[in-house]
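**Student:** fold the following and give me the result.
(one chain, ligands or ions: 1)
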Amino acid sequence: MMATAVAHPNIALVKYWGKRDTALNLPAVPSLSLTLDGFSTTTTVTWDAPRDTVVFNGVRADEETTRKVAAVLDLVAPNRPPVGVVSDNDFPSAAGLASSSSGFSALVVAAAAAAGRSLSIEQLSVLARRGSGSACRSLWGGFVEWTLGERADGTDSHGVPVAPVDHWDVVMVVAIVSGKKKAVGSTSGMEASRATSPYYDAWVRTAPGRVDVGRSAVLARDLQALGEVMEASTFEMHALMHTTRPPIIYWQPATVACLHAVRRLRDEGIGAYATMDAGPNVKVLCLRSDAAAVARALREHVEDVRIAKPGGGVSVRIEP
Ligand code: DP6
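**Tutor:** Predicted structure coming up:
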């Protein structure tokens with residue numbers, strides 16, 4: 001059987017950085033995200049193919065990606081037949097735009113459908129998490145929390161919807177500083193931070209409180225409260241990266257210029273708040289009514305600026 005799933009990346013409002021179990025991909029901190037419209041991954045899975053193949057954006061995937069995909073497919077169905085995977089992103093991969101989040105969520109949903117397995121959305125979220133942690137939040141649209149969970153097997157560490165896609169008229173204005181592949185991947189970067197940053201313990205201790213503040217702000221539609229906790233989480237995460245040995249520095253000159261531009265917008269009375277992930281791109285949270293003004297300010301520093309509204313969860317269709 002063949003099935004195609006479409007998923008959107010999510011951007012963390014309160015960040016995930018650090019694992020308590022690398023084998024099961026269990027987080028050391030809870031996190032909160034917004035799924036974005038406007039960017040998407042489309043993945044077609046053919047169950048019972050001549051052999052395992054992964055084609056990513058038109059080219060054969062590298063060995064590491066192929067191995068990761070195969071491992072997740074093994075979890076969808078142990079004793080599976082060979083499987084063909086074709087996946088396309090309509091945005092730069094591996095540049096801090098959370099392509100792994102849409103990638104693995106689309107993969108598990110398409111694979112389960114193609115295998116004829118009916119799994120709950122929470123079970124699918126757990127499987128997506130095994131591929132890439134942030135992917136467990138992309139099963140749902142809108143605002144999603146990834147809870148720590150308590151069980152040793154990780155079956156209760158998955159996404160939990162907080163508010164639906166039409167809850168609030170906010171947008172993320174994305175300034176694409178660079179579409180190049182990042183030098184340090186999230187998986188190895190967060191492991192290095194855990195092992196070497198003197199601030200790691202404080203990060204883990206304070207993260208749950210940040211998620212509580214973020215969740216309440218989302219539910220109350222309080223942009224200032226959400227923006228402030230998002231910036232705090234962002235800069236704390238980047239402080240962890242910068243205090244990792246050797247330091248992990250994703251920022252480029254244009255990144256810093258965009259951060260200052262966001263400050264200036266706020267000085268002018270526009271509610272705009274910046275976040276960044278494992279890459280140089282800057283994403284700015286604001287009300288939809290301010291999106292054009294924010295995009296204009298960012299375009300003074302980068303050419304490619306896109307406005308993304310909240311997006312929906314994963315959709316899937318069985319191919320004839
Ligand atoms: C900075 O989910 O890519 O985007 O679980 O190792 O695959 P792995 O990491 P990944 O890390 C995302 C880190 C982040 C913050 C976030 O999305 O919460």
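
**Student:** for Val173, which three-state class applies?
**Tutor:** Look at Val173: counting by DSSP: H, G, I helix; E, B strand; the rest coil, its state is strand.

**Student:** that one is in contact with Leu287, isn't it?
**Tutor:** No. Contact criterion Cβ atoms under 8 Å: Val173 and Leu287 do not qualify, at 10.8 Å. (Each C-beta comes from the backbone N, C-alpha and C, glycine too.)

**Student:** neighbour count winner among these two?
**Tutor:** Val173 (27 against 16; other Cβ atoms under 10 Å).

**Student:** check contacts around that one.
**Tutor:** For Val173, the contact set (Cβ atoms under 8 Å, 6 or more residues apart in numbering) comprises 272, 283-284, 286, 291, 294-295, 298, 305-308.

**Student:** pLDDT at it, what is it?
**Tutor:** Predicted confidence (pLDDT) for Val173: 97.

**Student:** ranges for the helices of the stretch 1-150 of the chain?
**Tutor:** Ranges of helices in the stretch 1-150 of the chain, per DSSP state H, counting those that start in this stretch, are 63-76, 99-115, 121-131.

**Student:** name the surrounding residues that touch the first one.
**Tutor:** For helix 63-76, the surrounding residues in contact (Cβ under 8 Å, 6+ apart) are 52, 54, 56, 61, 80, 83, 85, 104, 107-108, 111-112, 115, 117, 127-128, 130-131.

**Student:** for PyMOL, what selects the buried ones among these?
**Tutor:** Burial among those is assessed by 16 or more other Cβ atoms under 10 Å; the matching PyMOL selection reads:
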select buried, resi 54+56+61+80+83+85+104+107+108+111+112+115+127+128+130+131
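
**Student:** most packed of the helices of the stretch 1-150 of the chain?
**Tutor:** Most buried of those by mean neighbour count (mean count of other Cβ atoms under 10 Å) is helix 99-115; its value is a mean of 28.

**Student:** quick one: that helix to helix 63-76, angle?
**Tutor:** 40 degrees (axes from the mean of the first three to the mean of the last three Cα atoms, to 10 degrees).

**Student:** and Ser134, what does it touch?
**Tutor:** Ser134 is in contact with 10, 12, 16, 31, 33, 98, 100-101, 146, 186, counting by Cβ under 8 Å, 6+ apart.

**Student:** ok, now how distant is it from Met172?
**Tutor:** Distance of Ser134 to Met172, computed by Cβ to Cβ, to the nearest Å: 15 Å.

**Student:** also Ala217?
**Tutor:** Ala217 sits 15 Å away from Met172 when distances are taken as Cβ to Cβ.

**Student:** with Leu139 instead?
**Tutor:** Leu139 sits 19 Å away from Met172, taking Cβ to Cβ as the criterion.

**Student:** quick one, which of the two is more surrounded?
**Tutor:** Per other Cβ under 10 Å, whichever of Leu139 and Met172 has more neighbours is Leu139, with 29 against 24.

**Student:** which pLDDT value goes with the more buried one?
**Tutor:** The model reports Leu139 with a pLDDT of 98.

**Student:** again with Phe91
**Tutor:** 76.

**Student:** now swap in Leu265 and tell me
**Tutor:** Note on Leu265: pLDDT of 98.

**Student:** that one touches Ala293, doesn't it?
**Tutor:** Yes. Counting by Cβ under 8 Å, Ala293 is a contact partner of Leu265 at 7.2 Å.

**Student:** which one's more surrounded, those two?
**Tutor:** Neighbour tally, Leu265 and Ala293, criterion other Cβ under 10 Å: the higher count belongs to Leu265, 22 against 15.

**Student:** any idea which element that one lies in?
**Tutor:** helix 253-267 (DSSP states H and E).

**Student:** give me the contacts around that helix.
**Tutor:** Contacts of helix 253-267 (Cβ under 8 Å, 6+ apart): 175, 177, 272-274, 276, 280-282, 284, 293-294, 297-298, 300-302.
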